[in-house]
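> Sequence first, predicted model second:
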Amino acid sequence: MSNNPASAILIRGADVLTMTAGEKVTPRRADILIEAGRITGLGEDLTAPDGTQTVEAAGRVVMPGLVNAHLHSSEMFLRGRYQRMPLESWLCWSYPFLGSGPPDLEMLRLRSLLVAIESLRSGVTMISDDFFDPPTHDLERLGTVFRAYDEAGIRANVSSGLMNLPYLDTLAHAREVFPVEIQAQLDFPLTGAAEYAEYCSEVFRTLHGSGDGRLRYMLAPSGPQRCSIELMQACRDLARQWQVPYHTHVLETRSQAVTAEILFGGSIVRFMSEHGLLGPEVLMAHAVWVNDNDIEMMGEAGVSVSWNALANLKLGSGLAPVRRLLDAGVNLSLGTDGASSNDTMRLFDVIRVAGLVSTATCQGPDFGLTSDEVLKAATTGGAKAAMLEKTTGSLEVGKQADLVILDPSRGTAFTPLSDVASQLVYCENGSAVESVMIDGRFVIRDGCFTDLDEDAILAEIRDRMPAFLRQHRQVEAQNAFLVPLFNEVIRRCDAVPLPFERRLPT
Ligand SMILES: [Zn+2]
């Protein structure tokens, strides 16, 4: 998207939730002046320079755009396909080991646009897309994703995720369960640390910072148990050099916690600490099965966690100890995860579930998260996790104008109105989103995309889906024999006692 933001816009008379640190999340009547994409004034009765476009917003709620801290666009065409599967078995079909050809460039573009459209429609202005595109890392393919997000006008951190250890070595009991001849089929040649670092450097030189700076590259080694230490450290060095997130999956499932006992003496987080892999640039996806010492180390290091509560529920992974993570000083953000484990990009769904299930993650007087805490996780927490806390996440002078205008009379979530913050968490689902602005440009205005031809894009996706799904069903059939093997691995892991549990007791 190359056209420049409007020179000046005044949003007048709105009920504004600024999400400013230390302030209660409550609306106050204010005008917002936006010049050259940036908020330059916020207060009552602002005067605007000549030529300013005025947007009358009386009766509207204006809040910062939501930040989705963890998703995989790779899963976007697989929504609605899988249920009642734990992660390790679900991976066989969502990220097939055998017979899967990467989608062509137009499918990549459409898939990314679908992520962006659904995100924007539900008030998300910033996404962290852990793009996974095995077997290669390819500038043209990654560039197609960047260009699609540019076309949509969204803000995004995008990775080119990878693992570089044989998968069966990254999961306890896998080698003893899988017959040797099948093991041979799953042991692929893997990318070396130096080769990957060279590719990333090329991405930083070419794609990073495109879309007028909205689109950034981030490092995303899949998980400490799935990557060599050389790769993890090379990614850390690049993340620190370029000041971008170091995004990695940590202890999503019970089987991973059992694996951690064997590979890391019980603590992946301590392993990360001992190898210099903890710091404020670290964004951990999930962190469900972290122990007390892990939580303490994570808080001291100032890491961020993307809590993907809905995906964790769907895959039966368990509930992250979010109250304790927050209390320890961890920066909490929220993510949808991919559309094969959720199955939408609507962060409002995650917000509601996060508020509800947080009560089940703690006991006694340590109750769940407040509405304010949940909304901050979805805005300022996400911005910090994206290392963009000076750019987005709250409405403050000096920040880019990434905001959502909600019309409380759209839908029924705010009728009757009791408390805006609480109803954003427990009632709203995105239906009240009227307009969405990013970098001072309306991407959605009065319910319609300003540039994208949404209907044409969705129609093209629907046209292409029968052929895609025909091919994907063949891939599923080809990989189906692996599912009972992974189920057996999970059964053996489940039989191993752990010092704590993160699943609800039966
Ligand atoms: Zn993930």
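Yep, that arrived. These figures come from a predicted structure and were not determined experimentally.

> so what's residue 93 up against?
By CB atoms under 8 Å, 6 or more residues apart in numbering, the contact set of residue 93 is 78, 81, 82, 475, 476, 479, 483. For glycine as for every other residue, the C-beta is placed from the backbone atoms N, C-alpha and C.

> no no, residue 428
By CB under 8 Å, 6+ apart, the neighbours of residue 428 are 348, 406, 411, 413, 414.

> For it, give its distance to residue 335.
Relative to residue 335, residue 428 is positioned 18 Å away (CB to CB, to the nearest Å).

> same check, this time on residue 379
For residue 379, the distance to residue 335 (CB to CB) stands at 13 Å.

> same question, residue 323
Where residue 335 is concerned, residue 323 sits at a distance of 18 Å (CB to CB).

> likewise residue 182?
From residue 182 over to residue 335 the distance is 33 Å, taken as CB to CB.

> Phi first, then psi, for the residue nearest the centre of the chain.
Nearest to the mean C-alpha position of the chain, counting by CA atoms, centre = their mean, stands residue 70 at 1.5 Å. In terms of degrees, to the nearest 10, the main-chain angles of residue 70 are phi -160, psi 120.

> Correct me if wrong: it contacts residue 308.
Yes. With contact defined as CB atoms under 8 Å, residue 70 counts as touching residue 308 (5.6 Å).

> on that earlier part again, ok, now which ones touch the residue nearest to the centre of the chain?
128, 130, 247, 283, 285, 306, 308, 333, 335, 336, 337.

> Not counting sequence-adjacent ones, nearest residue to it?
Nearest residue to residue 70 in three dimensions, chain neighbours excluded: residue 335, at 3.0 Å (CB to CB, 6 or more residues apart in numbering).

> Could you check which of residue 182 and residue 335 is surrounded by more residues?
Under the criterion of other CB atoms under 10 Å, the comparison of residue 182 against residue 335 puts residue 335 first, with 32 against 15.

> re earlier: just the contacts of residue 428: which are in helices?
Taking DSSP state H, the ones among these that sit in helices are residue 348.

> who wins for neighbours among the contacts of residue 428?
Within those, residue 406 tops the neighbour count with 26 neighbours, counted by other CB under 10 Å.

> Run through the residues that contact residue 18.
By CB under 8 Å, 6+ apart, the neighbours of residue 18 are 28, 42, 64, 394, 395, 396.

> if you look at those residues, which of them are in strands?
Under the assignment DSSP state E, those contribute 28, 42, 64 to strands.

> Which one (most neighbours) among those residues?
residue 64 (29 neighbours).

> which residues does that one bridge with?
residue 403 (DSSP bridges).

> same check, this time on residue 250
Going by DSSP bridges, residue 250 forms beta bridges with residue 286.

> Which ones among the contacts of residue 428 map onto strands?
Using DSSP E, the subset of those located in strands is residue 406.

> picking up where we left off before, can you redo the contacts of residue 70 as TSV with pLDDT, secondary structure and distance to residue 233?
Shown next, in TSV, are those (pLDDT from 0 to 100; DSSP: H, G, I helix; E, B strand; the rest coil; distance: CB to CB, whole Å):
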residue	pLDDT	secondary structure	distance to residue 233
128	98	strand	22
130	98	coil	19
247	98	strand	15
283	98	strand	17
285	98	strand	19
306	98	strand	22
308	98	coil	26
333	98	strand	24
335	98	coil	25
336	98	coil	30
337	97	coil	26
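
> give me the low-pLDDT residue ranges for this protein?
Within the chain, the stretches with pLDDT under 70 are 1-6, 364-366, 505-506.

> one more time with 80, if that's ok
Residues of the chain meeting the criterion pLDDT under 80: 1-6, 362-367, 504-506.

> List the buried residues in the longest helix anywhere in it.
In the chain, assigned by DSSP H, the helix with the most residues is helix 454-479. For helix 454-479, the neighbour count (16 or more other CB atoms under 10 Å) marks 454, 457, 460, 461, 464, 468, 472, 475, 476, 479 as buried.

> Repeat that for stretch 218-228.
By 16+ other CB under 10 Å, the buried positions in stretch 218-228 come out as 218, 219, 220, 221, 222, 223, 224, 225, 226, 227, 228.

> how long is stretch 350-367 end to end?
Using CA to CA, to the nearest Å, one end of stretch 350-367 lies 19 Å from the other.

> cool, and stretch 415-432?
Stretch 415-432 has an end-to-end distance of 11 Å (CA to CA).

> now do stretch 118-133
Taking CA to CA, the first and last residues of stretch 118-133 lie 21 Å apart.

> If you count neighbours, what's buried in stretch 259-273?
259-261, 263-264, 266-273.

> now swap in stretch 168-188 and tell me
Going by neighbour count (16+ other CB under 10 Å), the buried part of stretch 168-188 is 168, 170, 171, 172, 173, 174, 177, 178, 183.

> Residue 123 reaches residue 430, doesn't it?
Yes. Assessed by CB under 8 Å, residue 123 is found in contact with residue 430 at 5.9 Å.

> residues shared between the contacts of the two?
Counting by CB under 8 Å, 6+ apart, the residues touching both residue 123 and residue 430 are residue 348.

> out of these two, which sits in the busier spot?
Set side by side, residue 123 and residue 430 show more neighbours around residue 123, with 28 against 24, by other CB under 10 Å.

> so which helix or strand takes in residue 248?
Under the criterion of DSSP states H and E, residue 248 resides in strand 246-250.

> any idea how far whatever helix or strand comes next after that strand is from the chain center?
Following strand 246-250 in sequence order, the next helix or strand is helix 254-264 (DSSP H and E). Offset of helix 254-264 from its chain centre (CA atoms, centre = their mean, to the nearest Å): 24 Å.

> Nothing else from me, thank you.
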